[in-house]
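Participant: Sequence and predicted structure, then a few things I'm wondering about:
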Amino acid sequence: WWQPVARWSALVLALWLVWLSLAALVRRQWADRERLTFPLVQFPLEVLRPDQNSPSPPFFRNRLVWIGAAVVFLVHLVNGLNHHFPAVPSIPTSWVLDYFLPDRPWSAAGPFYVNIFPSAIGFAYLLTLEVAAGFWASVLFMKAQGVLLAALGYEGGSAWGGPISQVTRHQQMGGMIVLSLVLLWFLRGTLTDSLRRLFAPTHSPDDADEPLSYRFAALGLITGLAVAFTWLLAAGMTPLFAAAFLVALLGICLVLTRIVAEAGMLMVQLSFTPVDYLLMLGGTSALGPANATILTFVDIAFSWDLREFIMPSVLNAFHLADRSGISTRSLSRLLPLALIFCSLVALLAFLLTFYRYGAASTVMSLGSHPRRFFATLAANLQDPTHPSSIQYISTAAGAAMMAALVWLRLNFIWWPVHPLGFVMATSWASLNLWFSLLLGWLFKLLTIRYMGLRGYVQLRPLFMGVIMGDVLAALLWIIVGFFTRVGVMVTVA
């Protein structure tokens, strides 16, 4: 096993270098110039905010914090007890509305989940209204569009699967292209300055407080991409598709990091991958067996589910350090060591688990997902697919809709919907979180309308407590599960 691990580690380290370098390059533009809110950082900053007149942080002395935490903790406590002792009644926090929409065209709105995630409600309250609205409104728009397409004659499926998803997924792909280009346009000054310093080194003090010097960050970005490109070529890919894959992956990672920095999404995930862009260049017949096979491996490992890729966490860490008075330059030296240490621990845990229980019998992702992806690969190689005109039309339509949303956002301060949510509209994350984001948005809207900005600030501790209640309940059931070997999810019941 050590030889495959060594080979794949080269690609992992290269992508880590890319994400670390890119996070360092975008930090000043997003944090200092655009003043993004970094919602996930607000909670630990508030918890750790010192009080010169007391040894304990004021966060824990606020009564509203404990009220919010107690309500959420009680719900998770009751539902956890129900999981262990079915005689204890549960408190529902999740509903499926598909049962009320059995017939066409309304069934095309499914799957229709209404879930209550307390942490998502708490973080949504901290967002600007237009950012929160952008996510739940995009989900409802896709559902409405699915119903309309079904009424027009699209048979089977919804925006989340079947023929209709060909339209919605490619609309989001087109939106992703436009949004990544817009972000790169606003970063053009930083990127060109870093490249200029790479080829004409200057000793400028304006990046002394940055996590990495702009020259080193540019060098890391180029080096990481070069190593990843070489790895893909050595694995058997052709230069055109290897380069196209890395460009698509880079654009997607940039947009998802922006979503976390501005919208504080607890989970970032898409309904498409970089491979879907490559398939638009001619389908699986144009890719060929070698490219398609290598991309299947890489897609599973790095781009199919991006909820754990490190760039958003790295950028949040940089912002937390900067706001806490910690040197981001020192932090950037520790992050690679932490990543390597955690990877070694994870590798050891995986090996011990696999050799003891068998990899295929442990969790769903190891037992069924590899079969699923390679079964799709085998089917596509035996019966090659070709891009359809509806895919190109939908991609162009999605790009146009995103361009319109960006233009409205930049030119009209009253425009109520942020474009970020559009690219995640049919993702698993948005499908589950949309209702909680709607509740957080509604609470904030009503608070500002009837209590003003002062009321919003006064109620912030209540929603911070809601987040803390989720955290405390998770810690409780993790400790209990360690002894009982019974896991309890604190997300939905």
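Facilitator: That came through, no problem. Numbering: from 1, shown residues only.

Participant: Output the below-cut-off pLDDT ranges for the chain.
Facilitator: Applying pLDDT under 70 to the chain flags the ranges 156-157, 201-205, 361-368, 491-493.

Participant: What segments of it are strands?
Facilitator: Ranges of strands within the chain are 94-96, 113-115, based on DSSP state E.

Participant: Of those strands, which is nearest residue 463?
Facilitator: Of all the strands of the chain, it is strand 113-115 that lies closest to residue 463, at 17.6 Å by C-beta to C-beta. The way it works is simple: take the backbone N, C-alpha and C, and place the C-beta from them, glycine included.

Participant: Just the buried residues of that closest one, please?
Facilitator: 113, 115 (16 or more other C-beta atoms under 10 Å).

Participant: What strands flank that strand, and is each parallel or antiparallel?
Facilitator: strand 94-96 (antiparallel) (DSSP bridges).

Participant: returning to what we had before: of all the strands of the chain, which one is nearest residue 134?
Facilitator: Between residue 134 and the strands of the chain, the shortest gap by C-beta to C-beta is with strand 113-115, which sits at 18.8 Å.

Participant: how distant is the closest one from the center of its chain?
Facilitator: 19 Å (C-alpha atoms, centre = their mean, to the nearest Å).

Participant: quick thing: my sequence starts at 35, can you match it?
Facilitator: I'll keep to 35 as the first residue from here, and by that count the last item is strand 147-149.

Participant: what does that strand rub up against?
Facilitator: Strand 147-149 is contacted from outside by 127-131, 465-467, 469-470, 525-526, using C-beta atoms under 8 Å, 6 or more residues apart in numbering.

Participant: Tabulate the residues you listed in CSV, adding columns for neighbour count and distance to residue 282.
Facilitator: Output for the contacts of strand 147-149, formatted as CSV (neighbours: other C-beta atoms under 10 Å; distance: C-beta to C-beta, whole Å):
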residue, neighbour count, distance to residue 282
127, 18, 37
128, 14, 34
129, 15, 36
130, 12, 34
131, 12, 34
465, 22, 23
466, 22, 25
467, 27, 25
469, 21, 31
470, 25, 30
525, 17, 31
526, 14, 33
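
Participant: how about the residue nearest to residue 506 when sequence neighbours are not counted, what does it touch?
Facilitator: Leaving aside its sequence neighbours, residue 506 sits nearest to residue 107 (C-beta to C-beta, 6 or more residues apart in numbering; 5.5 Å). With contacts defined as C-beta under 8 Å, 6+ apart, residue 107 is in contact with 503, 506-507, 510.

Participant: The strands of the chain: which one's closest to residue 42?
Facilitator: Closest among the strands of the chain, using C-beta to C-beta: strand 147-149, at 34.8 Å.

Participant: could I get the strands of the chain as TSV with distance to residue 208?
Facilitator: Formatted as TSV, the strands of the chain follow (distance: least, C-beta to C-beta, whole Å):
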stretch	distance to residue 208
strand 128-130	30
strand 147-149	26
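
Participant: Just list the residues touching the residue nearest the centre of the chain, thanks.
Facilitator: By C-alpha atoms, centre = their mean, the mean C-alpha position of the chain lies nearest to residue 302, the distance being 1.5 Å. Neighbouring residues of residue 302 by C-beta under 8 Å, 6+ apart: 290, 293-294, 340-341, 346, 458, 463.

Participant: repeat for residue 475
Facilitator: 158, 161, 163, 166-167, 170.
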